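K.L.:
pasting a predicted model and its sequence here:
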Amino acid sequence: MKHIPILAILAMLLLAACSIGQTTTETQYKFGAVLPLTGTNAFYGEFARAGLELAIEDINNAGGINGRPVRMIYEDSGGDRARATTAAQKLVDIDAVDALFTITTPMGGAVAPVAEAAKVPFIYGSATNSFAENKTYVFKDYPDASDECEMLMEQAMKEHEKIAMFGTDAEFTRLCKQGAERVGKLTLFETYPPGESDFKTQLTKIKNSESTALLVLAFSNDCKHSFKQLRELGVQTQLYLPFQAFGCGSPDNTKESADLLANAYGAEIALDENSTDPAFVAFKKRLEEHGWTTQIRGSAVMYDSVMSMAKAHQGCTDKACVANNLRNLNNYQGISGTISYNGKQTVTREFWLTHFDGTWRKAQ
């Protein structure tokens with residue numbers, strides 16, 4: 001028998017191992033998520049990850065995408081824009097992901113340029129449009145802030161003559177102002193720098209303006225500080241809350257500040273969290289079984305973002321095809337409602353007016 005040198009055997013084994021590894025990588029899709037899993041905005045990262053996890057599980061249980069399984073790779077931004085940019089670049093350059101996801105405006109703004117430059121389809125959850133406008137690979141999945149605030153202003157004007165607005169210095173706050181002023185004039189408009197926690201100067205001006213209604217646009221953690229200072233300053237206004245479920249009307253804030261929220265109004269994606277729809281009931285049950293109940297509505301939105309992306313990948317062999325399919329996605333029925341991009345980069349979603357009477361409900 002002819003003897004094969006040991007070195008030759010080792011070389012063949014190494015080649016085989018590399019081939020197996022290459023085949024494994026090439027036969028799976030890789031999705032990447034840059035989330036604030038730690039830091040002051042970890043609330044958003046927690047519910048986002050829950051929705052992403054269930055979506056990947058369902059996609060793979062159904063046979064994957066184009067017959068290939070999907071793996072989600074997570075990167076923690078800590079809520080920091082620079083870290084988010086670095087994380088997105090790593091997912092693109094090293095992990096070679098086929099799609100990207102994130103949530104909140106700061107994270108969307110950090111990841112969008114990386115995704116567009118790399119031509120990787122990207123969906124972010126935010127009320128800010130500009131990151132997606134005039135792009136090809138960047139998509140926004142959340143209602144427009146100006147539309148929500150127009151509806152809230154219409155409601156406020158039924159009962160109030162002096163209406164003020166207070167929020168973080170960000171595009172979604174300015175969009176809210178534009179929407180509100182489509183139907184009426186604000187008595188006062190006050191903003192605070194991102195990361196600030198002392199709002200006494202702005203809230204004192206609001207108190208002195210004698211406004212009896214106040215639109216508040218803030219991240220969930222910022223709301224805790226603003227509510228505390230509203231009490232300390234004795235500011236008595238009826239509250240109106242855009243993106244209610246994700247901001248000042250989030251579950252934790254509602255529990256801690258039910259007194260301040262008495263008779264408050266909000267605007268939010270049209271999803272009844274007590275719905276008896278079988279698909280939603282099953283989704284909610286799975287979240288509860290895992291203990292992932294931080295924000296069920298938010299988890300449902302992120303779940304649908306991944307499922308929309310998976311649908312867009314069907315039948316595609318390149319990322320341009322995926323982006324085109326996503327752009328032309330219309331009337332897709334998700335867990336969180338109907339999703340349509342209508343040939344654009346920003347989603348169209350139904351939203352409704354909510355009212356707080358001990359619990360948040362659709363306003364009658």
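P.N.:
Yep, it's here.
K.L.:
tell me which residues in the strand or helix carrying V111 are buried?
P.N.:
For V111, the host element (DSSP states H and E) is helix 105-118. Residues of helix 105-118 classed as buried: 105-112, 114-116, 118 (neighbour count, 16 or more other CB atoms under 10 Å). Bear in mind the C-beta positions are built from the backbone N, C-alpha and C, glycine included.
K.L.:
next, M72: phi, psi?
P.N.:
Backbone dihedrals for M72, given as degrees, to the nearest 10, come out at phi -100, psi 130.
K.L.:
that one and C223: what is the separation?
P.N.:
29 Å (CB to CB, to the nearest Å).
K.L.:
what sits against the residue nearest the centre of the chain?
P.N.:
For the chain, G125 is the residue whose C-alpha lies nearest the centre (CA atoms, centre = their mean; 2.8 Å). G125 sits next to 48, 102-104, 108, 140-142, 298, 301-302, 305 when contact means CB atoms under 8 Å, 6 or more residues apart in numbering.
K.L.:
of all these, which comes closest to P36?
P.N.:
T104 (6.5 Å; CB to CB).
K.L.:
excluding its backbone neighbours, what's nearest the closest one?
P.N.:
Y44 (5.2 Å; CB to CB, 6 or more residues apart in numbering).
K.L.:
got the angle for the helix or strand hosting the one you found vs helix 105-118?
P.N.:
Using DSSP H and E, Y44 falls within helix 42-61. Using axes from the mean of the first three to the mean of the last three CA atoms, to 10 degrees, the inter-axis angle of helix 42-61 relative to helix 105-118 is 50 degrees.
K.L.:
just the CA trace of helix 42-61, in PDB.
P.N.:
Output of helix 42-61 as PDB, limited to C-alpha atoms (Å, rounded to 0.1, in the frame of the first residue of the first chain):
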ATOM      1  CA  ALA A  42     -31.800  49.800  27.500                       C
ATOM      2  CA  PHE A  43     -35.600  49.700  27.800                       C
ATOM      3  CA  TYR A  44     -35.800  50.000  24.000                       C
ATOM      4  CA  GLY A  45     -33.100  47.400  23.400                       C
ATOM      5  CA  GLU A  46     -34.800  44.800  25.600                       C
ATOM      6  CA  PHE A  47     -38.200  44.800  23.900                       C
ATOM      7  CA  ALA A  48     -36.600  45.000  20.500                       C
ATOM      8  CA  ARG A  49     -34.400  42.000  21.100                       C
ATOM      9  CA  ALA A  50     -37.500  40.000  22.300                       C
ATOM     10  CA  GLY A  51     -39.300  40.700  19.000                       C
ATOM     11  CA  LEU A  52     -36.200  39.900  16.900                       C
ATOM     12  CA  GLU A  53     -35.700  36.600  18.700                       C
ATOM     13  CA  LEU A  54     -39.200  35.400  18.100                       C
ATOM     14  CA  ALA A  55     -39.100  36.400  14.400                       C
ATOM     15  CA  ILE A  56     -35.900  34.500  13.800                       C
ATOM     16  CA  GLU A  57     -37.300  31.500  15.500                       C
ATOM     17  CA  ASP A  58     -40.500  31.500  13.400                       C
ATOM     18  CA  ILE A  59     -38.500  32.100  10.100                       C
ATOM     19  CA  ASN A  60     -36.300  29.100  10.800                       C
ATOM     20  CA  ASN A  61     -39.200  26.900  12.000                       C
END
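K.L.:
elements contacting it?
P.N.:
strand 29-35, strand 70-76, strand 99-103, helix 220-233, helix 278-290, helix 296-313 (3 or more CB pairs under 8 Å, 6 or more residues apart in numbering; DSSP states H and E).
K.L.:
could I get these as a markdown table with mean neighbour count and distance to S336?
P.N.:
Output for the helices and strands packed on helix 42-61, formatted as a markdown table (neighbours: other CB atoms under 10 Å; distance: least, CB to CB, whole Å):
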| stretch | mean neighbour count | distance to S336 |
| --- | --- | --- |
| strand 29-35 | 26 | 17 |
| strand 70-76 | 19 | 19 |
| strand 99-103 | 30 | 13 |
| helix 220-233 | 18 | 18 |
| helix 278-290 | 14 | 9 |
| helix 296-313 | 24 | 4 |
